[in-house]
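Asks: Everything below, folded, please.
(6 chains)
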Protein chains: 4
Amino acid sequence: MARAVGVRRRPEPAGPDPGARERILTAAGELFAEHGFDATPTSRIAERAEVPKGLIHYYFRRKQDLLAALVERLPEEPVESERVVVRGDVAASLRLLVRELDTRTEASPLLSRLLWREADTHVAVRQALQRRFRVIVEQIRAVIEAALPPDPPGRDVDTAALLLARVVNHRHSVARHGEHDELDREIAFIARALQP
Amino acid sequence: MARAVGVRRRPEPAGPDPGARERILTAAGELFAEHGFDATPTSRIAERAEVPKGLIHYYFRRKQDLLAALVERLPEEPVESERVVVRGDVAASLRLLVRELDTRTEASPLLSRLLWREADTHVAVRQALQRRFRVIVEQIRAVIEAALPPDPPGRDVDTAALLLARVVNHRHSVARHGEHDELDREIAFIARALQP
Amino acid sequence: MARAVGVRRRPEPAGPDPGARERILTAAGELFAEHGFDATPTSRIAERAEVPKGLIHYYFRRKQDLLAALVERLPEEPVESERVVVRGDVAASLRLLVRELDTRTEASPLLSRLLWREADTHVAVRQALQRRFRVIVEQIRAVIEAALPPDPPGRDVDTAALLLARVVNHRHSVARHGEHDELDREIAFIARALQP
Amino acid sequence: MARAVGVRRRPEPAGPDPGARERILTAAGELFAEHGFDATPTSRIAERAEVPKGLIHYYFRRKQDLLAALVERLPEEPVESERVVVRGDVAASLRLLVRELDTRTEASPLLSRLLWREADTHVAVRQALQRRFRVIVEQIRAVIEAALPPDPPGRDVDTAALLLARVVNHRHSVARHGEHDELDREIAFIARALQP
DNA sequence: AATGAATGAGACTTCATTCAT
DNA sequence: AATGAATGAAGTCTCATTCAT
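Replies: Here you go, the predicted model:
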């Protein structure tokens, strides 16, 4: 029970700690999002993840690798169009799709903003985000076409998709989230333009 | 906290250097834009501005103040609507307006992106940018209304303005500039929706 | 706020250096005492302690903590009265006690003066020193009472103790040490006053 | 009335400012006393004295010279013994003398402490203070002798004087002022010892 | 005589990263 | 496999001091 005074004890390895890697990434994501990448010392990440500082560099040789790993974690697989399409009602379909996209991002809205913030200086991040942007444009286009009434006149679906993608992305990157009214009005506007 | 006791050697100031403040701001803007705020040491700013390091802190007590000063420099006065309105042609009017807005930002496209990047962590920057965003929305709305044919049915001008403002802002903040085709197509799309 | 982007070269730590902490404290004590707290850069401490500058901040987050640690090191346990009491001879007893107190302080006379110097601006230091002063008053009182002839008339032992404590403290804080004649004369004076 | 925009105006010398030197010294004394010599930038002194920073270095080439000048200002001329002597009552006499000495120092008790604090590192200060200490010892001795009953047995007046001087000085240098009871008891103790 | 602009030395501190264990 | 100790590079900022005017 007592501990000999003066004897330096090795801190006893404490055994394997599964989930440590995961905790590190979570902590890093939160802190980066909150204070920025540069302003977050690895030591603070270690604290929040409750791991020794050394372990971070054991899993991620450099701090930058944390960012890369964070990007990997972003859900990449597209929303299955069928799940959100309301045949004949473009506005409703898009609303559903956007809710779905939001949900994925909302998992960590700050993280999304963070990544866009770092995109300019970190190539890997930028590329991943641009890829994701293109996927979203494509998805919107698909949903619009699936929801549109069968006889397709010459509407500019491509532009509508890009437009909405920008709106969505704008919210996820720099604008403040939350105002769903505005978003819905924008969707309605675009939908109306597609079916006269 | 203190200075070592002893006699200082050669401060040797070289007399007033007008334009130094300006050079510092320019250098700071460029470097911040290129590498980010945190990753730019004041020493490098001094180098590029060709001033002694101390002068930077003489003009701007802390590094943050450089950011603030950079924001001040953004042109705030709105575009005079009359200059860009083409009566009866909403699309043309908006194209002109957007070109004008671009020009102002393009003065330092990187700077604009930088500021949006830092908005999350620097309150003053964020507020200034949000204010600017609102001004732009308002301007777009004004132009649309001035360009619209005289008999006004119940179109959603507000939403159209917000939509376009988002597109513009998206380009200035996170998207890559330059693809004017897409932008023009988006403008056309919105304009068409406004006059059936 | 940040670190320039780029790869660091050669940290190359050299393994545990036991005694480093101690060497740092010793060096700090000496230098502070010699030139003052503010006028001693941590870099000079590092030099004298023969440790890299970083190590100082590894052990003591801020420079102030060095002062605090220095105070901790002061011997706190009181002199055992019995060791110095010469029954019936107050002057002799006090001389012995003062010699003992001196010895403890003389271990680092400059350090003592330093601490009193910094007491005004560093609360922790001030409190520690005030505590020590009170202990000394108490000790002196105890010794006087133990040494006093058995039939105790109404002498003002308290005041005598305070008086001597002040003399001792005066020597340790601002006066120059060393002149034992004067001290002995003062002790004799006080002792005489106590036994007419 | 209007001022041409953009024209740089010399700030107009504002005419001679007698008392500026005095104000600088006062401000310096206060600030040094409050925060310490090293921790007080000349800029802050300038602020409080309401003079341009340059003026300080115009009057006092180096910061140290401010300390020296502060020492000069200390009242040096001794208290006239006759004013405080109560013939036949040593205690009363000493009480009066000490009150008088206090008054002089109390003019700026913090300043007194400051000077003792800096005495170790600034030779000029140290010498001035030591000189003053000797003057005080001498004064006390004179007062004792003047107050003592005419038939002088072999009392140790010198030691009594030194003792009291130490008490006084201890209060002025490191101890907290204010407790006059203790001081009076100490004076009484010493006085009693002088006249059995 | 007075002053604001300017300067450079250097102080403290933070931190990513490495190595021995 | 894991970790605490250790390092050194660099960053921000302060400030006494000087000079031109």
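Asks: just checking, what packs against the longest helix belonging to chain A?
Replies: What stands out as the longest helix in chain A, according to DSSP state H, is helix A:123-147. If contacts are counted by 3 or more CB pairs under 8 Å, 6 or more residues apart in numbering or on different chains; DSSP states H and E, helix A:123-147 sits against helix A:63-73, helix A:81-84, helix A:90-106, helix A:109-119, helix A:157-173. In short, each C-beta sits where N, CA and C put it, glycine included.
Asks: Next, the angle helix B:109-118 makes with the last one.
Replies: Direction vectors for helix A:157-173 and helix B:109-118, defined by axes from the mean of the first three to the mean of the last three CA atoms, to 10 degrees, enclose an angle of 50 degrees.
Asks: can you list the residues of chain A near chain B?
Replies: Those residues of chain A that sit near chain B, judged by CB under 8 Å from any CB of the partner chain, are A:35-36, A:38-39, A:113-114, A:116-117, A:119-121, A:156, A:158-160, A:162-163, A:166-167, A:169-170, A:173-175, A:182, A:185-186, A:188-190, A:192-193, A:196.
Asks: Selection in ChimeraX covering whichever of those residues are buried, please.
Replies: If you want just the buried ones from those in ChimeraX, going by 16 or more other CB atoms under 10 Å in any protein chain shown, the selection is:
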select /A:36,38,113,114,116,117,119,120,121,156,159,160,162,163,166,167,169,170,173,174,175,182,185,186,188,189,190,192,193
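Asks: and chain C, which of the residues of chain A next to chain B contact it?
Replies: Subset of the residues of chain A next to chain B in contact with chain C: A:38, A:39, A:121, counting by CB under 8 Å from any CB.
Asks: In these, which has the lowest confidence score?
Replies: Lowest pLDDT among these: residue A:121, with 88.
Asks: Could you look up the SS state of it?
Replies: Assigned with DSSP: H, G, I helix; E, B strand; the rest coil, residue A:121 falls in the coil class.
Asks: which residue packs closest to it, ignoring adjacent ones?
Replies: Sequence neighbours aside, residue B:36 is the residue nearest to residue A:121 in space, at 5.0 Å (criterion: CB to CB, 6 or more residues apart in numbering or on different chains).
Asks: swap in residue A:126?
Replies: Once flanking residues are discounted, residue A:126 sits nearest to residue A:119: 4.1 Å by CB to CB, 6+ apart.
Asks: what separates that neighbour from residue A:133, distance-wise?
Replies: As for residue A:119, its distance to residue A:133 is 10 Å (criterion: CB to CB, to the nearest Å).
Asks: now swap in residue A:33 and tell me
Replies: As judged by CB to CB, residue A:33 and residue A:133 stand 19 Å apart.
Asks: repeat for residue A:150
Replies: As for residue A:150, its distance to residue A:133 is 30 Å (criterion: CB to CB).
Asks: Contacts only, for residue A:67.
Replies: A:32, A:37, A:115, A:118, A:122, A:124, A:125 (CB atoms under 8 Å, 6 or more residues apart in numbering or on different chains).
Asks: quick one on the thing from earlier: dump the helices and strands packed on helix A:123-147 into JSON lines; add mean pLDDT and distance to residue A:143 as well.
Replies: Putting those into JSON lines (pLDDT from 0 to 100; distance: least, CB to CB, whole Å) gives the following:
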{"stretch": "helix A:63-73", "mean pLDDT": "91", "distance to residue A:143": "25"}
{"stretch": "helix A:81-84", "mean pLDDT": "87", "distance to residue A:143": "5"}
{"stretch": "helix A:90-106", "mean pLDDT": "89", "distance to residue A:143": "5"}
{"stretch": "helix A:109-119", "mean pLDDT": "87", "distance to residue A:143": "21"}
{"stretch": "helix A:157-173", "mean pLDDT": "94", "distance to residue A:143": "9"}
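Asks: Residue C:55: which of those helices is closest?
Replies: Each of the helices and strands packed on helix A:123-147 was checked against residue C:55 via CB to CB, and the shortest separation belongs to helix A:63-73, namely 22.6 Å.
Asks: if we can go back for a sec, in contact with the residue nearest to residue A:126, which residues are there?
Replies: A:125, A:126, A:129, B:174.
Asks: again with residue A:164
Replies: When contacts are counted by CB under 8 Å, 6+ apart, residue A:164 is found next to A:94, A:98, A:140, A:186, A:187, A:190.
Asks: Return only those of those residues found close to DNA strand F.
Replies: Among those, no residue sits close to DNA strand F (CB under 7 Å from any atom of the strand).
Asks: Now flag whichever of these is closest to residue A:50.
Replies: Distance to residue A:50, by CB to CB, is smallest for residue A:98 among the contacts of residue A:164, at 36.8 Å.
Asks: For that closest one, grab the count of nearby residues.
Replies: Residues lying near residue A:98 (other CB atoms under 10 Å in any protein chain shown) number 24.
Asks: What are the neighbouring residues in contact with the residue nearest to it when sequence neighbours are not counted?
Replies: Of all residues not flanking residue A:98 in the chain, residue A:168 sits nearest, at 6.0 Å (CB to CB, 6+ apart). For residue A:168, the contact set (CB under 8 Å, 6+ apart) comprises A:98, A:101, A:102, A:136.
Asks: Generate a PyMOL selection restricted to the buried subset of these.
Replies: Below is the selection syntax for PyMOL that covers the buried ones among those, with 16+ other CB under 10 Å defining burial:
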select buried, chain A and resi 98+101+102+136
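Asks: CSV for the contacts of residue A:168, including distance to residue D:18?
Replies: Rendered in CSV, the data for the contacts of residue A:168 read as follows (distance: CB to CB, whole Å):
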residue, distance to residue D:18
A:98, 75
A:101, 75
A:102, 72
A:136, 75
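Asks: Which members of the contacts of residue A:168 define the maximum pairwise distance?
Replies: Checked with CB to CB, these reach their widest spread between A:102 and A:136, with 11.4 Å between them.
Asks: what comes up buried for the longest helix of chain A?
Replies: Going by neighbour count (16+ other CB under 10 Å), the buried part of helix A:123-147 is A:125-126, A:128-129, A:132-133, A:136-137, A:139-144, A:147.
Asks: what's the answer for stretch A:45-57, then?
Replies: With burial defined by 16+ other CB under 10 Å, the residues of stretch A:45-57 counted as buried are A:45, A:46, A:49, A:51, A:55, A:56.
Asks: of these, list those near DNA strand E.
Replies: Among the buried residues of stretch A:45-57, DNA strand E is touched by residue A:56 when using CB under 7 Å from any atom of the strand.
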